[in-house]
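1. Sequence first, predicted coordinates after that:
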Amino acid sequence: MANAITEAMFDTTVAGAEKPVLIDFWASWCGPCRALGPIVDEVATEMADKLDVYKCNVDEESGLAQRFGIMSIPTLILFKGGKPVHTMVGSMPKAALVGEITANL
């Protein structure tokens, strides 16, 4: 299961992470976000040995969303060494998400 991330904890959580970090930028009113949410949770559990997964509610953490130029949701960003290395926008099947993550680890 993915944990929530806040702007206040971003720098220490992501920059200091030993593994790559995937952040799902979402909102509760967003239908595609609600469809993708359980898939992100499954990926978080299944790939826990390879990456850490967090969720950022853009309504609650607008500063963090602005920091990364989030214009539409869901948006998922993969970070390595604290830097964004790959961005995925929109809902997608689990196999596609896993493929995108794996190709960029």
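-> Now that the structure is in, tell me what you want to look at. Residues are numbered from 1 along each chain as shown.
2. where exactly do the strands run in the protein?
-> Along the chain, the stretches classed as strands by DSSP state E are 3-4, 21-26, 52-57, 75-80, 83-89.
3. mind listing what the residue lying closest to residue 6 once chain neighbours are set aside touches?
-> Once flanking residues are discounted, residue 6 sits nearest to residue 61: 5.7 Å by C-beta to C-beta, 6 or more residues apart in numbering. Bear in mind the C-beta positions are built from the backbone N, C-alpha and C, glycine included. Contacts for residue 61 (C-beta atoms under 8 Å, 6 or more residues apart in numbering) come out as 5-7.
4. Repeat that for residue 45.
-> residue 1.
5. ok, now residue 10?
-> Residue 10 neighbours (C-beta under 8 Å, 6+ apart): 64, 67.
6. now with 10 Å?
-> For residue 10, the contact set (C-beta atoms under 10 Å, 6 or more residues apart in numbering) comprises 21, 23, 54, 56, 61, 63-64, 67-68, 79, 82.
7. Relative to residue 93, how far out is it?
-> Applying C-beta to C-beta, to the nearest Å, one obtains 28 Å for the distance of residue 10 from residue 93.
8. Helices of the protein, residue ranges please.
-> In the chain, the helices defined using DSSP state H lie at 7-10, 31-46, 62-67, 94-103.
9. thinking again about what came up before, output the contacts of residue 61 as TSV; include the columns neighbour count and distance to residue 46.
-> Listed next are the contacts of residue 61 as TSV, based on neighbours: other C-beta atoms under 10 Å; distance: C-beta to C-beta, whole Å:
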residue	neighbour count	distance to residue 46
5	22	20
6	14	25
7	15	28
